[in-house]
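Undergrad: Next comes the sequence, and after it the predicted model I'd like to discuss.
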Amino acid sequence: MLTRRSAILAGGAFCAAPMVHAQGDAPFRFALTPVFLDNDAAVISALRTALGEAMGREIELVQRRTYQEISGALLDGSVDAAWTCGYPYLQHRDQLSLLGVPVWRGAPLYQSYLIVAADDAATSLADLRGGAHAFSDPDSNSGYLVTASDLARIGATPEEFFSRSIFTYGHRNVVRAVAGGLTRSGSVDGYVWEVLNSVEPGLTARTRVISRSEDLGFPPFVARNDRMEEAGIMSCRTALQGLDKADEGKEVLRLLFLDAVVPADPALFDGIAARMAALPGG
Amino acid sequence: MIALPRFRNLPVTVRVPLITAALMIVLALVASQSVLGALGRVQDARLSETARLHVEGLAVALGPSVLRQDVWEVYDILDRARQANDGQRLLLTVVADERGRVLAATDPRRAPVGEDAAEFGLGAVAPEAVRMTGDPELRVTSPLQYQGRTIGGIVTELDVTDLLAERRQVTLWLLFGNALATGVLAFGGWLAVARILRPVGALVQAMDASDGAPRPIPTTEIPHGDPGLARLIETYNQMTTAVEERAEAERRLADRERFVSLGRLSSALAHEVNNPLGGLLNAADTISTYADRPDVVRQSAELMQRGLGHLRDVTRAMLDQNRLDRAGQPLRPEDFEDLRLLFEPEAHSRNLALEWEVEAGAEALASQPAAPVRQVALNLLLNAGAAAGKGGEVGLKVSNGGERLSIAVSNTGNAMGEADLRRLLASGPLPPGGGVGLRLVHDIVSGLGGTLHHDRADGRTVIRVDLPATGAGHA
């Protein structure tokens, strides 16, 4: 495996060498979604530096508002790779492949949290009927799918269960919406909430987690199936999976509160697939 | 009405600082009002500008989101604007949609999404019309325009507690500062005015000197830095000198008057001395011619004795009139004999009929000092003699009654002129021209505590001097 990867890497490097030269003005385009901590300039800068160092070429980090835009850009080739969510990956699993999955707290897994304001008496999803609810993105697993599928299991839809549901296009925004009282409850990425709990305890203190989902596959790094053999994509996969070995990479992982990026099997996302199946028409 | 005269009675060194302080207070009030007015205008302008920028900035940012009814985007913009503002001025911002329903607010708990936004617009004004009213919270409203149409509205609650506190603080500082400045300036004014007016005070003191005689101000106390005041004091000093000189002159004049009155008698007295001298020389010649005839010698010697006796009486009367060491001696009947001896030759030379009547006894006369009374009587007699003219009558009557001695001098001449009467009876300034004899009479009689009376009846002028019997040596 190691030998093969080295050979591929070597071959890739060999093949890529003229390309790198030729593509000197065309940086590798890597997409991020606002779902993550994209508002932290330090994280973005460190990620660009780490990937650039590891891949030996300039990295252009592309930010879009929604997963749908990221998926579209990925599929139409306007970005080369992306850090997206398990749900959009599964939605386009026939066209996308995994470059790696981050390891958080020892496993490539995370949960979806259902949060309410700190002073709210609700203890479960059932208590939230009739209140306003904040989702992060209609294509987010933790920020929509988990709660929507939970509601589907009791025969409800977000539109009828909640008085109003809004999309904030950011897990941090879900926490803000609930903390600020804009909505009564919110569906948020457990990893993001926990990281925020470390870096912005004042914000998360105004919210309370009333339920946690089962462990689900962590949002993965993906690229298009048909481009997986391209030198840039392979270099990117190597760079991502080697973040925990280089100083710049370690810095990125430290900033993101992650342990490493590891190769992953699509089966990691079976839990999300099961929830997708629970949705009406899923 | 009562305080005014009291204020007028205050010394000028108190009044001027008080007026300064009052003017300072008025000035301070006007200035404070002006400063507060300016502050109010600045605050209003600042407030209006803040509100306008806030609303305009939000309107630009919110337009597309409001149009899409995107609750989160509107909230996100408001929330970030609030955080950027640090929440110090903007308490609450509510964005309403076209139907007047809350789309989002910085505090969704106070203004829940979908609620009627009308209650938040109560009492709200346009940003450019917002003014400090004393209310710590002010509301500003503005329609939300996007692509030329109104798609909603913004209401912002402004916290102006800090501006009110600033105004209150400025008011307090103005009050305190102005009170302090007024106090300091009034005190400074007091010191300055007191210093400036010190020479005036010295002048007033010098003029009000207890002995009644104005005394000059020492050169060292003259403020040479103030030419006007220095000139005033120098003029005053010159005046005091002039007053002293005049008093001295009057004193010398009074002394001389005794010689003057004798001078006026000199020609008559010369006759009085000359006439017996002729007889004496004849007698001496007779004695030398008939030395061997004892009866002739004896007769001539008697003649010489009588003539020399007369000369002795005349010279003694003249000496008595001028002897200063007689001052303070009591009046005696002999004094009136002396006066008659002195005045008779004058009367004879003018062919005057002399009525001489001294009724008062030696005891009544002794209560008066001799020198001044003799001077008064002689002056009055000389004037009466001059007024009576050739062949007139002059009378002297000395009587006593009650507690006083009366000396009446009369003449049959023309009535006294207005100027002479003023010299004699009034104490005002001397009219120009004329002698000082009558005024001297007036001054001496006043000094003795007596009174002068003038009467004109049946072609006679009578001047009566009434002197109280207060005892000798009064003058």
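TA: Arrived safely.

Undergrad: Pull the number of nearby residues for the nearest residue to B:Ala96 once chain neighbours are set aside.
TA: Leaving out its chain neighbours, the residue that sits closest to B:Ala96 by C-beta to C-beta, 6 or more residues apart in numbering or on different chains is B:Ala117, at 3.7 Å. Bear in mind the C-beta positions are built from the backbone N, C-alpha and C, glycine included. By other C-beta atoms under 10 Å in any protein chain shown, 23 other residues sit near B:Ala117.

Undergrad: All the helices of chain B, residue numbers only.
TA: B:3-9, B:12-67, B:71-85, B:161-207, B:227-289, B:294-322, B:333-349, B:362-365, B:370-388, B:418-425, B:437-447 (DSSP state H).

Undergrad: Deepest-packed of those, please.
TA: helix B:370-388 (a mean of 23; mean count of other C-beta atoms under 10 Å in any protein chain shown).

Undergrad: which helices and strands does it pack with?
TA: helix B:227-289, helix B:294-322, helix B:333-349, strand B:393-401, strand B:404-411, helix B:437-447, strand B:460-468 (3 or more C-beta pairs under 8 Å, 6 or more residues apart in numbering or on different chains; DSSP states H and E).

Undergrad: hmm, try it at 6 Å
TA: helix B:227-289, helix B:333-349, strand B:393-401, strand B:404-411, helix B:437-447 (3 or more C-beta pairs under 6 Å, 6 or more residues apart in numbering or on different chains; DSSP states H and E).

Undergrad: thinking again about what came up before, who's in contact with the residue nearest to B:Ala96?
TA: The contact partners of B:Ala117, by C-beta atoms under 6 Å, 6 or more residues apart in numbering or on different chains, come to B:94, B:96, B:100, B:102.

Undergrad: which of the residues you listed are buried?
TA: B:94, B:96, B:102 (16 or more other C-beta atoms under 10 Å in any protein chain shown).

Undergrad: Bridging across strands, which residues link to the first one?
TA: Under the criterion DSSP bridges, B:Val94 forms beta bridges with B:Ala105, B:Val155.

Undergrad: where does it sit relative to chain A, distance-wise?
TA: Distance of B:Val94 to chain A, given as C-beta to the nearest C-beta, to the nearest Å: 13 Å.

Undergrad: thinking that residue is in contact with B:Ala105, fair?
TA: Yes - taking C-beta atoms under 6 Å as the definition, B:Val94 is a contact partner of B:Ala105 at 4.3 Å.

Undergrad: Overlap in contacts, these two.
TA: B:Ala111.

Undergrad: Need the residues that contact stretch B:59-72.
TA: Contacts of stretch B:59-72 (C-beta under 6 Å, 6+ apart): A:166, A:168, B:73-74, B:77, B:104, B:113, B:144, B:146, B:151-152.

Undergrad: again with stretch A:160-177
TA: Counting by C-beta under 6 Å, 6+ apart, A:34-35, A:65-66, A:129-130, A:132-137, A:143, A:151, A:158, A:183, A:186, A:188-189, A:192, A:203, A:207, B:71-72 sit against stretch A:160-177.

Undergrad: ok, the contacts of B:Ala117 vs B:Ala186, which is closest?
TA: The closest of the contacts of B:Ala117 to B:Ala186 turns out to be B:Val94 (C-beta to C-beta; 54.8 Å).

Undergrad: show me what contacts the closest one?
TA: Neighbours of B:Val94 in contact, by C-beta under 6 Å, 6+ apart: B:102, B:105, B:111, B:117, B:120, B:155.

Undergrad: Any residues of the stretch 101-250 of chain A in contact with chain B? List them.
TA: By the rule C-beta under 6 Å from any C-beta of the partner chain, the part of the stretch 101-250 of chain A lying against chain B is A:166, A:168, A:181-182.

Undergrad: again, only this time at 7 Å
TA: Contacts of the stretch 101-250 of chain A with chain B, taken as C-beta under 7 Å from any C-beta of the partner chain, map to A:132, A:164, A:166-168, A:173, A:176-177, A:180-182.

Undergrad: The stretch 101-250 of chain A: strands as residue ranges?
TA: Ranges of strands within the stretch 101-250 of chain A are A:109-110, A:112-117, A:132-135, A:164-167, A:185-189, A:207-212, A:216-217, A:221-224, based on DSSP state E, counting those that start in this stretch.
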